[in-house]
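Below are the sequence and a predicted model; questions follow.
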Amino acid sequence: PEGRREEGRGSASFLSPSRRGFVWKSARRAMTPQPPAARMERALGRSVMRKGAALPLPLLLLFVLVIGAVGVSSQENSAGAGVVDPPPGSEADHSPKTKEDGDGDGDGGAGGVDGPKVNRTAQIEEILSQVRELRESRRHDDDEAEWSARLSGLVGEAEALGSAEATAIRGEMHMLGEGVGLNLTEAVAVLQEAADRGNPTAQTQLAFMYGKGFHKGGIEHRDEALSLLHYYFAAVGGASEAQLVLGYRHLYGYGVPKSCSAAIKYYSKVAQDVVLTQAERNIAKPIELVRLSDEKARNNKLEETEDVIQYYQHSAEHGNAEAQVALGQLNFYGARGVEQNTEAAARYFQQAAAQGNAVAKSNLAQMYIQGLGVEGNNETAFKYFKEAAAQGDSAAQNGLGYMYLHGVGTKQDHQMAMKYFKMSAEQGNVDAQFNLGAMYFAGMGVDVDYGAALQYFTLAGHQGHVRSLFNLAQMHMNGLGTVQSCPIAVKLFKNVGERGQWARVLSSAHRNFLKEEYETAFVKYCRAADQGYELAQSNVAWMLEQGIGYPFEDTNVIMLEHLQRAATQGNVDANRMIGDHYYYGLTSKNNTPNFEEAARYYTIAGEQKNAHANFNLGFMHQHGIGLPFDLHLAKRFYDLALENSPEAYIPVQLALLGLHIHTVYLAVQAWWEGKLEVGDWESFSKIISGVGLPNGLASGPDDAAGGDKASSSSSSSASSSTSSSASTESSNSSPSGAEKKFTWEDVMLLIACGLLAVLIYYRSQRPL
């Protein structure tokens, strides 16, 4: 996915054009958020303004005067220029950017009446930009005192200039323990100060604090009404995080009315911001997503170790092209703890390109188009793209298609563009798939075909291409090329919205976790969990299960809440953990178990091939806990656990051994009480199926082996199909009384197995 680490994909796509807002600038009419809406309005027969609508005369005169004043000012500023140049990055601007090109921001008229105010605003924005960069680029091994002093100093400077945003950041620092001590009470006071000035960031963080009640001692002190009030104010103020929260809550009905239309209203705004931001940025830094339940990933540092970097450097110095490409990518993105350096990236790519490496040529061509690390040159970019494309590099073929499409560095040719896009798309390049979809959607070089556009956007969307997902959402929302569907559209918008810069809190939380700053990590994961990130919800539950990061006593309540939300979003293991809560009585104040509800959640997880859940179902069938007693089904579920996870081999084998011992016990007890005769295999089969059990444990003749199990609870009903098939399989594999006699040899063999199990258990209890 764009902006994230992409596992399993070739290095050829590491510098994909769309990540730098490079693909389809001039086709943005079809692919960026606003123009597609206008095209869809035309497709649906609607107009932007109602026919016959007119502006009031006074307002029209005022509008003309304002436009005239702006026009005079523009003519004065551009006197002698002849032709007005297009702004950098606009649709008409295909000139390469050089290192000397600025961003177009001036001082704002220092000599005018508004000069001091504009200068102060620009100064504040510059300081806040440094603050954001400092917080985002924090490394695991940074000097804590130096980093904190610099952060506090920058925030203090911005506050001295009157920035409410800086005050909000200071409150957030107290909330997260960044640069200052973690103090939730002080955080609320500072955030309230900024919120009173109408700052959306402060309102968002206040809403989070009131919703969790952390500043007052735990979740039992939360104020949902006040929390929602602040979230709504923040969302109106344009806070993307608040819009994410409200979109998620309306989607599932958490504390607000469940409404797809309301959810799509908030999610579409956030998704549009994500798409526009990524189009404006030249480089999107990857975001590492770590699931704490994964032991290997949990303890893996986000930065590459010094030894690995030195190995790459040593190999690159000795002419290893792959190492040169790897270092070029790390320097280009500033990933894995390597400081971003586009000049160094260009040097490494040039070294590898000189050896004929197609990936390096493709990446270098893209840097020449953007003017990143090198002086921009479209002709040089075209040359490198053409060489790499001839070597079969998919990213180069896509880049070459882009240059033909827009006539950048070569003559414009839509047919050649289509040819190279298709060559690249056939190799699975997501950017080429997106570009083909855009051409069919906009009718560039081909007839407009919403069905083909939908197909290509879907292919790219399955690989996480952000713009493709956004366009798919728009098409499903408006019924273009497909049936109109709000549920599908809102899920797609949610997917895009969760790829914004606010997702960096997940990487930041993991860094805090590695530094054993568990309370800070917990608060950050809780923030992301409220925004609807399933990964964060799972990590919150895992930390609560481990007893770290949360100092209050209402652990089970908040853990169950996050597990249920994660399970609703498809987390299989969350269903199993909810079952554990019901099994051990952690959901009630008096710790009363609810075995039937536990079995229901285990069944849900087991149907999704969760080995642990199937093992638990086997155990419950073996002992008749919450499910009908049936040793045949117990064995079947144990076998399913092993089938779902080979790592469960040892526990399953021990469970099967215990099952055999249980069988021997039942047979001996039945024989002792005169309920079983030697050679009566049919009676024995009924006994181990729960029929005719001693001590009145039988549930009735309907539970006989080989028949469908009667549902005695909602949980047994949920697993009836599995139970039926398992019972049938067991009965078919068991010989009938006419075919095989249950002899004393069988009894002795079972007893021998039991004695062996006792011996193994005894040996395991002795110290080595």
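Nice, thanks for sending it over. This structure is a prediction, so every number in the text was calculated from the model and none was measured.

what comes up buried for the lengthiest helix in the chain?
Counting by DSSP state H, the longest helix found in the chain is helix 649-672. Neighbour counts over helix 649-672 (16 or more other CB atoms under 10 Å) mark 651-652, 655-664, 666-667, 670-671 as buried. Bear in mind the C-beta positions are built from the backbone N, C-alpha and C, glycine included.

Then stretch 418-434?
By 16+ other CB under 10 Å, the buried positions in stretch 418-434 come out as 418, 420-425, 427, 429-434.

Ok, stretch 365-382 next?
Result for stretch 365-382 [16+ other CB under 10 Å]: buried residues 365-374, 376-378, 380-382.

Would you check which pair of those lies furthest apart?
G373 and F382 (18.0 Å; CB to CB).

A168 sits in which helix or strand?
helix 164-176 (DSSP states H and E).

quick one on the thing from earlier: the buried residues of helix 649-672: which two are farthest apart?
Within the buried residues of helix 649-672, two members stand farthest from each other by CB to CB: P651 and W671, at 30.5 Å.

Quick one: work out the angle between the helix or strand encompassing R135 and helix 164-176.
Assigned by DSSP H and E, R135 belongs to helix 115-136. Using axes from the mean of the first three to the mean of the last three CA atoms, to 10 degrees, the inter-axis angle of helix 115-136 relative to helix 164-176 is 20 degrees.

Residue ranges in the protein under the pLDDT threshold?
1-118, 137-142, 281-286, 301-307, 336-337, 675-750, 753-754, 756-768 (pLDDT under 70).

how does it look with 50?
The model of the chain has pLDDT under 50 over residues 1-113, 691-741, 766-768.

so where do the strands sit in it?
Counting by DSSP state E, the chain has no strands at all.

As a quick check, tell me the outermost residue of it.
G674 (61.7 Å; CA atoms, centre = their mean).

which residues of the stretch 351-500 of the chain fall in helices?
358-370, 378-390, 394-406, 414-426, 430-442, 450-461, 466-478, 486-497 (DSSP state H, counting those that start in this stretch).

Next, format those helices as a markdown table and append distance to A195.
Below are those laid out as a markdown table (distance: least, CB to CB, whole Å):
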| stretch | distance to A195 |
| --- | --- |
| helix 358-370 | 40 |
| helix 378-390 | 48 |
| helix 394-406 | 45 |
| helix 414-426 | 49 |
| helix 430-442 | 40 |
| helix 450-461 | 38 |
| helix 466-478 | 31 |
| helix 486-497 | 23 |
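
do you know which of those helices lies nearest Q192?
Smallest distance to Q192 across the helices of the stretch 351-500 of the chain (CB to CB): 27.5 Å, for helix 486-497.

which residues touch that closest one?
240, 243-244, 247-248, 251, 260-261, 263-264, 267-268, 270-271, 274-275, 461, 466, 469-470, 472-474, 476-477, 532 (CB atoms under 8 Å, 6 or more residues apart in numbering).

What is the end-to-end distance of stretch 157-165?
Using CA to CA, to the nearest Å, the end-to-end distance of stretch 157-165 comes out at 12 Å.

Identify the residues contacting the helix holding A168?
By CB under 8 Å, 6+ apart, helix 164-176 touches 124, 127-128, 131, 151-152, 155-156, 158-159, 178-184, 186-191, 193-195, 197-199, 201-202, 205, 209, 520, 523-524.

ok, 6 Å please
155, 158-159, 179-180, 183, 186-187, 190-191, 193-194, 197, 199, 201-202, 205, 520, 523 (CB atoms under 6 Å, 6 or more residues apart in numbering).

what does stretch 250-264 give?
E224, G247, R249, C486, P487, V490.

Please check those and keep the buried ones.
G247, R249, V490.

Pick out whichever of the residues you listed sits closest to T555.
Among these, and counting by CB to CB, the member closest to T555 is R249, at 23.2 Å.

what's that closest one in contact with, if anything?
G255, V256 are the contacts of R249 under CB under 6 Å, 6+ apart.

returning to that earlier point: so what's the gap between the helix holding R135 and the chain middle?
With CA atoms, centre = their mean, to the nearest Å as the basis, helix 115-136 stands 30 Å off its chain's centre.

Check stretch 360-379 too.
A distance of 31 Å separates the centroid of the chain from that of stretch 360-379, by CA atoms, centre = their mean.

Same question for stretch 624-632.
Distance, centroid of stretch 624-632 to centroid of chain: 39 Å (CA atoms, centre = their mean).

just stretch 221-233 next, same as before
Using CA atoms, centre = their mean, the offset of stretch 221-233 from its chain centre is 26 Å.

Pull out the buried residues from that stretch.
Across stretch 221-233, burial judged by 16+ other CB under 10 Å covers R222, D223, S227, L228, H230, Y231, Y232, F233.

Closest one to T555 out of those, please.
For the buried residues of stretch 221-233, the nearest to T555 is R222 (15.0 Å; CB to CB).

list the contacts for that closest one?
G211, K212, G213.

try it again with 7 Å
Going by CB atoms under 7 Å, 6 or more residues apart in numbering, R222 touches Y210, G211, K212, G213.

could I get those as TSV with neighbour count?
Shown next, in TSV, are the contacts of R222 (neighbours: other CB atoms under 10 Å):
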residue	neighbour count
Y210	23
G211	22
K212	22
G213	20
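
Quick one: the residues you listed as a markdown table, columns for distance to A316 too.
Putting these into a markdown table (distance: CB to CB, whole Å) gives the following:
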| residue | distance to A316 |
| --- | --- |
| Y210 | 53 |
| G211 | 50 |
| K212 | 48 |
| G213 | 53 |
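
List of residues touching stretch 124-136?
R150, L151, L154, V155, E157, A158, L161, S163, E165, A166, I169, R504.

Show the contacting residues for the fourth one.
Read that as V155. V131, A166, I169, R170.

nearest to K635, of those?
Nearest member of the contacts of V155 to K635, counting by CB to CB, is I169, at 59.7 Å.

what number of residues lie near that closest one?
28 (other CB atoms under 10 Å).

what's the distance between it and L154?
Distance of I169 to L154, computed by CB to CB, to the nearest Å: 9 Å.

what do you get for Q653?
According to CB to CB, Q653 and L154 sit 60 Å apart.

now swap in F619 and tell me
From F619 to L154 the distance is 57 Å (CB to CB).

Same check on Y533?
Applying CB to CB to Y533 and L154 gives a distance of 28 Å.

again with H562
34 Å.

More neighbours: which of those two?
H562 (25 against 22).

That one touches A541, doesn't it?
Yes: taking contacts as CB atoms under 7 Å, H562 lies within contact range of A541: 4.6 Å.

Between the buried residues of helix 649-672, which sits nearest E146?
P651 (49.3 Å).

give the contact list for the closest one.
So P651 contacts F615 (CB under 7 Å, 6+ apart).

ok, now how distant is it from A641?
P651 is 8 Å from A641, by CB to CB.

Now do the shared contacts for these two.
In contact with both P651 and A641: F615, using CB under 7 Å, 6+ apart.
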